[in-house]
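Enquirer: predicted coordinates and the sequence they were generated for:
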Amino acid sequence: MTPRRHRTWPLIAAATVVLAGFAAVLVAAAQPSSPGSAAPASPPTEPGISTAAASLLQLDPLGTAASKAPDYTLTDQRGRTITPSTFRGRSVVLTFNDDECQDLCTLLAQDVALADRDLGPAASRIAFVSINANPYHPAISDVASWTDSHGVGGDANWYFGTGSPATLAAVARAYGVPIELDAAHQSVVHGTEIFFIGPDGAERALGQFGTDSASTAPFAHTMAQEAVDLLPASQRRPVAGSATVDLATGDTGIGTRPKPFSLPALTGSGRVTPTTGHYTVLNFWASTCTACVGELADLQKVSAEFAGRADLIGIDVSDDAAAARATTRQAGTGYPLAVDANGSVAGAYRISGLPYTVILDPTGQVVIRHPGAFTAEQLEYILDSLVPPATK
């Protein structure tokens, strides 16, 4: 295989242990561009992708620079041999992933699962292929375990390929994907490329999954639409879902500055209002939501870790206040909690289900919208990417 050099890609920590020595690199590399200051997005490859959606994926159409994707021979989580020819006739969304990752790669898995729902019947014409970036865990059982535990085990078009450490290194070089290893800690730092490969086996566009991939609904929809747009014209059609839900110019989409709210505190007689100057994490939840209750301990952990650097506000939506207070007491929740008794703030933020997390930057601008629960590792990674380090 001939190594090729693409544009410079950020690296993500993709192991349970994140090396302190890589911290500065990761924070600098993963800083997302705010919509107000970002360079103009590359034009979408097809009319189905808006400029705003293309910007979310940092989509870079290759046009006349398209070339055949590098070859590989790997084994997927089901023990089947996969090569580029396995997917000939289908669009391929190819990434590199770590089978020990508990943070950003897990968000990608959520994106893939939702993209498959948006694709519907078209999912049979799309392959999501991920190549193991972790040579310390190259076994088929490793990629199978990660697949099953991160919600894509039931997706017939998900392929998590692995091989010997030498083979994995050679494939990464061929695709120009940077991977840094630390043998002492068995930790991995790898690039966040997304390769969009057409049914003819040629790379048609490049993108990346970074902090913005936490905005699962629009990210997944755009990823799915880009893959469909690479199919023959007779097979192209709009996929379900919408990128406009979170990318619109309304009051609470990504890049907007929602009007500040003031809600009664869940405990005491005060009120809770988000303030500017810090990143603010708004977590919409209810005591009747099992996933919401399950993430409270992780949210408390992150709140304590980022005290003084980022604020966390829990917004209890259309819930019994007494039950909510009992739940948060049991969970040891110490961050501010607000009561959205009639769901007015959740409605203004277009919260589609619980739990749901919205992150505001220090100016009050929406930078992340994430449906579903966050683990501590996921939210820590995102905030580490966004929030300046503490000064001593």
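Expert: Perfect, thanks for sending it.
Enquirer: make sure residue 195 is indeed in a strand.
Expert: Yes - counting by DSSP: H, G, I helix; E, B strand; the rest coil, residue 195 is found in a strand.
Enquirer: thinking residue 345 is in contact with residue 263, fair?
Expert: Yes - using CB atoms under 8 Å, residue 345 is in contact with residue 263, at 6.3 Å. Every C-beta, even on glycine, is put in place using the N, C-alpha and C of the backbone.
Enquirer: shared neighbours of those two, anything?
Expert: 315, 338 (CB atoms under 8 Å, 6 or more residues apart in numbering).
Enquirer: roughly how far apart are residue 129 and residue 354?
Expert: In this view, residue 129 and residue 354 are 33 Å apart by CB to CB, to the nearest Å.
Enquirer: between those two, which one's more packed in?
Expert: Using other CB atoms under 10 Å as the criterion, residue 129 and residue 354 rank with residue 129 on top: 26 against 23.
Enquirer: can you read off the pLDDT for that one?
Expert: On the pLDDT scale, residue 129 is placed at 98.
Enquirer: that one should be in a helix, yeah?
Expert: No - per three-state DSSP, residue 129 lies outside any helix segment and is strand.
Enquirer: give the contact list for it.
Expert: So residue 129 contacts 82, 87, 92, 93, 94, 95, 159, 161 (CB under 8 Å, 6+ apart).
Enquirer: among those residues, name the buried ones.
Expert: Burial by neighbour count, 16 or more other CB atoms under 10 Å: within these this picks out 82, 87, 92, 93, 94, 95, 159, 161.
Enquirer: pretty sure the second one is touching residue 127, no?
Expert: Going back to what we said before, that points to residue 87. Yes - Residue 87 lies in contact with residue 127 (CB under 8 Å); the separation is 4.5 Å.
Enquirer: ok so, going back, in strands, which of the buried ones among the contacts of residue 129 fall?
Expert: Judged by DSSP state E, the buried ones among the contacts of residue 129 include 82, 92, 93, 94, 95, 159, 161 as members of strands.
Enquirer: tell me the one of these nearest residue 182?
Expert: residue 95 (21.6 Å; CB to CB).
Enquirer: for the closest one, which residues make a bridge with it?
Expert: residue 130, residue 194 (DSSP bridges).
Enquirer: that one touches residue 210, doesn't it?
Expert: No - look at residue 95 against residue 210 with CB under 8 Å: they stay out of range, at 11.9 Å.
Enquirer: can you pull the residues that touch both of the two?
Expert: Common neighbours of residue 95 and residue 210 (CB under 8 Å, 6+ apart) are residue 192.
Enquirer: now do the strands in the stretch 201-350 of the chain.
Expert: 202-208, 263-264, 271-272, 279-285, 310-317, 337-340 (DSSP state E, counting those that start in this stretch).
Enquirer: using JSON lines, lay out those together with mean neighbour count, distance to residue 300 and mean pLDDT.
Expert: Below are the strands of the stretch 201-350 of the chain laid out as JSON lines (neighbours: other CB atoms under 10 Å; distance: least, CB to CB, whole Å; pLDDT from 0 to 100):
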{"stretch": "strand 202-208", "mean neighbour count": "22", "distance to residue 300": "31", "mean pLDDT": "95"}
{"stretch": "strand 263-264", "mean neighbour count": "18", "distance to residue 300": "20", "mean pLDDT": "97"}
{"stretch": "strand 271-272", "mean neighbour count": "16", "distance to residue 300": "16", "mean pLDDT": "97"}
{"stretch": "strand 279-285", "mean neighbour count": "24", "distance to residue 300": "11", "mean pLDDT": "97"}
{"stretch": "strand 310-317", "mean neighbour count": "24", "distance to residue 300": "8", "mean pLDDT": "97"}
{"stretch": "strand 337-340", "mean neighbour count": "23", "distance to residue 300": "11", "mean pLDDT": "96"}
